[in-house]
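[1] sequence isn't available, so here's the structure alone:
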């Protein structure tokens, strides 16, 4: 089974036209529905006026590869008096298509993660394929080449921290090692809090963090102890386990805060019903799942809840390891996802890609403009755009509950944190070489895993900081 392959989503990219004569559509994995997805993508490319489908990779200018899956989410009875699954029931489908487009040098020029705007009984495969080809037609551009810092001796870097960006970090380290085999990078996804602790104690060479840290913790004698490099933007999504619920639930800020405060305890609570009048909500207890470890994902979740609920702010506030008013803890995004999948009636929060790849049901959230928005690359990007004026000089800012009609409200940056001073010359060169690669080729490997790449103006500021490193 092919792993997810990652690539580039350009920030606010205008229509960059590039005529591509030949595209070869490679395997899209072996998961259910993958063959049909490949056929649909091939069909849509043939209809396009910008692409021709090549018979072999050798005849192609670009190769489209990746993975996809389509599955039955639930069933919906066509007879409103009969809610059970029977001969009248209609299957409700959902899925995803994750693709990467590479040139003849094997360099990524574009990639994307397509998810359906809504689940339904229609042709999900065709909808996903059309979305991918439409995006390809308007967003392909040549990737900028990344500067490098010269040869490095055999060096091992050890990092630890956030689970929120772990899927793309894992891909980055593998891809970087193939290009620079003399550098090995190991990363332990133990959560942002533990990662920062290891870094400050000298037990890690770098850390991944989703939490914004006060300047007192990062400065000593007026000089920075650490440097923070924004890496990607992603989203935290509310996932839930309600068997035979075909409709995507809508969550208001008040409902999410009320559930996690332990004040909303039943799925048919009037406050949930008010936003989901067509849903079949029963008198089922809500089992609340949260992170048990110090987590940047929890930081993002509580940062959002603190902005939208004065009660939550008073009770728990913004914290990577809050004192939870209600619920059961699980370790890591994987632990929360697993526990929610195993517990009917439960609700939790995980990073966007964990919800997709674990076939989890996630809901839309009402944003600051009053619209219910589902997470996808466009709505995460809209949150970043709405918050662009708030990017601080130290390259950290919160973009939860961002303004904008199309903004998904629980979106966030993630950062690499490195020591400002590194005594080991080889490790410093290796860190710098990886960061150079990350800001160039690596930044192009985010979209197919559900992350948005950093804005060009921010990348420029990061490059300037790296030049002084």
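    The structure has been received and is ready for your questions. As the structure is a computational prediction, the values presented were derived from the model and not from experiment.
[2] any stretches of this protein with poor pLDDT?
    Low-confidence segments of the chain, defined by pLDDT under 70, span residues 1-20, 75-89, 118-122, 140-152, 213-222, 387-394.
[3] outline the domain layout of it.
    In terms of domains, the chain is parsed into 23-139, 148-469 (source: automatic domain parsing).
[4] can I get those in a markdown table including mean neighbour count?
    C-beta here means a position set from N, CA and C on the backbone, and glycine is covered the same way. Output for the domains of the chain, formatted as a markdown table (neighbours: other CB atoms under 10 Å):
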| stretch | mean neighbour count |
| --- | --- |
| domain 23-139 | 18 |
| domain 148-469 | 20 |
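[5] look up which helix or strand the residue nearest to residue 451 when sequence neighbours are not counted falls in, please.
    Among residues not flanking residue 451 along the chain, residue 232 sits closest, at 4.0 Å (CB to CB, 6 or more residues apart in numbering). Element membership for residue 232 (DSSP states H and E) is strand 226-240.
[6] what pairs with that strand, and is each one parallel or antiparallel?
    Note on strand 226-240: by DSSP bridges, its sheet partners are strand 346-351 (antiparallel), strand 361-362 (antiparallel), strand 411-419 (antiparallel), strand 452-453 (antiparallel).
[7] for residue 330, give the beta-bridge partners.
    With DSSP bridges as the criterion, residue 330 is bridged to residue 291.
[8] surely it touches residue 343?
    No - using CB atoms under 8 Å, residue 330 is not in contact with residue 343, being 10.0 Å away.
[9] shared neighbours, those two?
    Common neighbours of residue 330 and residue 343 (criterion: CB atoms under 8 Å, 6 or more residues apart in numbering): residue 289.
[10] so what sits opposite residue 224 in the bridge?
    Beta-bridge pairing for residue 224 (DSSP bridges): residue 219.
[11] for residue 421, see how far away it is.
    As judged by CB to CB, to the nearest Å, residue 224 and residue 421 stand 9 Å apart.
[12] and if you look at residue 178?
    Relative to residue 421, and taking CB to CB, residue 178 is found at 30 Å.
[13] picking up where we left off before, which of the strands paired with strand 226-240 sits closest to residue 299?
    Of all the strands paired with strand 226-240, it is strand 411-419 that lies closest to residue 299, at 8.2 Å by CB to CB.
[14] how distant is the following helix or strand past that closest one from the center of its chain?
    The helix or strand immediately downstream of strand 411-419 is helix 425-439, counting by DSSP H and E. Put simply, helix 425-439 sits 24 Å off its chain's centre (CA atoms, centre = their mean, to the nearest Å).
[15] next one: stretch 23-35
    With CA atoms, centre = their mean as the basis, stretch 23-35 stands 22 Å off its chain's centre.
[16] what about it, start to end distance?
    17 Å (CA to CA, to the nearest Å).
[17] same deal with stretch 347-364?
    Chord length of stretch 347-364, first to last residue, is 13 Å (CA to CA).
[18] show me what contacts the residue nearest to residue 451?
    Applying CB under 8 Å, 6+ apart, one finds that residue 232 lies in contact with 165, 168, 413, 414, 446, 451, 452, 453, 454.
[19] any idea which of those residues is the one closest to residue 93?
    Of all these, residue 451 has the smallest distance to residue 93: 25.0 Å, by CB to CB.
[20] of the strands paired with strand 226-240, which is nearest residue 338?
    Smallest distance to residue 338 across the strands paired with strand 226-240 (CB to CB): 9.7 Å, for strand 346-351.
[21] tell me the first helix or strand C-terminal of the closest one.
    Using DSSP H and E, the helix or strand that follows strand 346-351 in sequence is helix 352-357.
[22] what helices and strands are in contact with that following helix?
    Where contact means 3 or more CB pairs under 8 Å, 6 or more residues apart in numbering; DSSP states H and E, helix 352-357 is packed against strand 226-240, helix 332-342.
[23] quick one, the first one and helix 425-439 angle?
    Here strand 226-240 points in a direction 50 degrees away from that of helix 425-439 (axes from the mean of the first three to the mean of the last three CA atoms, to 10 degrees).
[24] figure out how far strand 226-240 is from the centre of its chain.
    7 Å.
[25] can you check stretch 353-371 too?
    Stretch 353-371 has its average C-alpha position 11 Å from the chain's average C-alpha position, going by CA atoms, centre = their mean.
[26] same thing with stretch 29-45?
    Distance, centroid of stretch 29-45 to centroid of chain: 23 Å (CA atoms, centre = their mean).
[27] which residues sit against it?
    The contact list for stretch 29-45, computed with CB under 8 Å, 6+ apart, reads 1-2, 23, 25, 27-28, 51-53, 64, 66-71, 95, 97, 99, 124-126, 128-130, 132-133.
[28] same check, this time on stretch 348-356
    Outside stretch 348-356, the residues that touch it by CB under 8 Å, 6+ apart are 4, 96, 113, 115, 163-165, 167, 234-240, 288-290, 297, 301, 330, 333-334, 336-337, 339-340, 358, 360, 362, 375, 380, 410, 449-451.
[29] and that stretch, end to end?
    OK, stretch 348-356 end separation, CA to CA: 14 Å.
[30] now do stretch 447-460
    This stretch, stretch 447-460, spans 20 Å end to end (CA to CA).
[31] please apply the same query to stretch 195-211.
    Terminal residues of stretch 195-211 lie 11 Å apart, using CA to CA.
[32] before we move on, what about stretch 182-198?
    Its first and final residues considered, stretch 182-198 spans 24 Å by CA to CA.
[33] elements contacting the host helix or strand of residue 302?
    Remark: residue 302 resides in helix 296-308, with elements defined by DSSP H and E. For helix 296-308, the packing partners by 3+ CB pairs under 8 Å, 6+ apart come out as helix 192-200, strand 226-240, helix 253-260, strand 287-291, helix 310-315, strand 346-351, strand 411-419.
[34] compare these and report which one is nearest to residue 441.
    Among those, the nearest to residue 441 by CB to CB is strand 226-240 (13.5 Å).
[35] gap between the helix or strand just after the closest one and the chain center?
    Using DSSP H and E, the helix or strand that follows strand 226-240 in sequence is strand 250-251. Remark: strand 250-251 is offset 20 Å from the chain centroid, using CA atoms, centre = their mean.
[36] tell me what strand 250-251 is packed against?
    Counting by 3+ CB pairs under 8 Å, 6+ apart, strand 250-251 packs on strand 364-366.
[37] okay, and the beta partners of the closest residue to residue 241 other than its chain neighbours?
    In this structure, residue 241 finds its nearest non-sequential neighbour in residue 346, 4.9 Å apart by CB to CB, 6+ apart. Assessed by DSSP bridges, residue 346 has beta-bridge partners residue 287.
[38] tell me the spacing between residue 346 and residue 361.
    Residue 346 is 11 Å from residue 361, by CB to CB.
[39] okay, and the common contacts of the two?
    Common contact partners of residue 346 and residue 361 (CB under 8 Å, 6+ apart): 240, 241.
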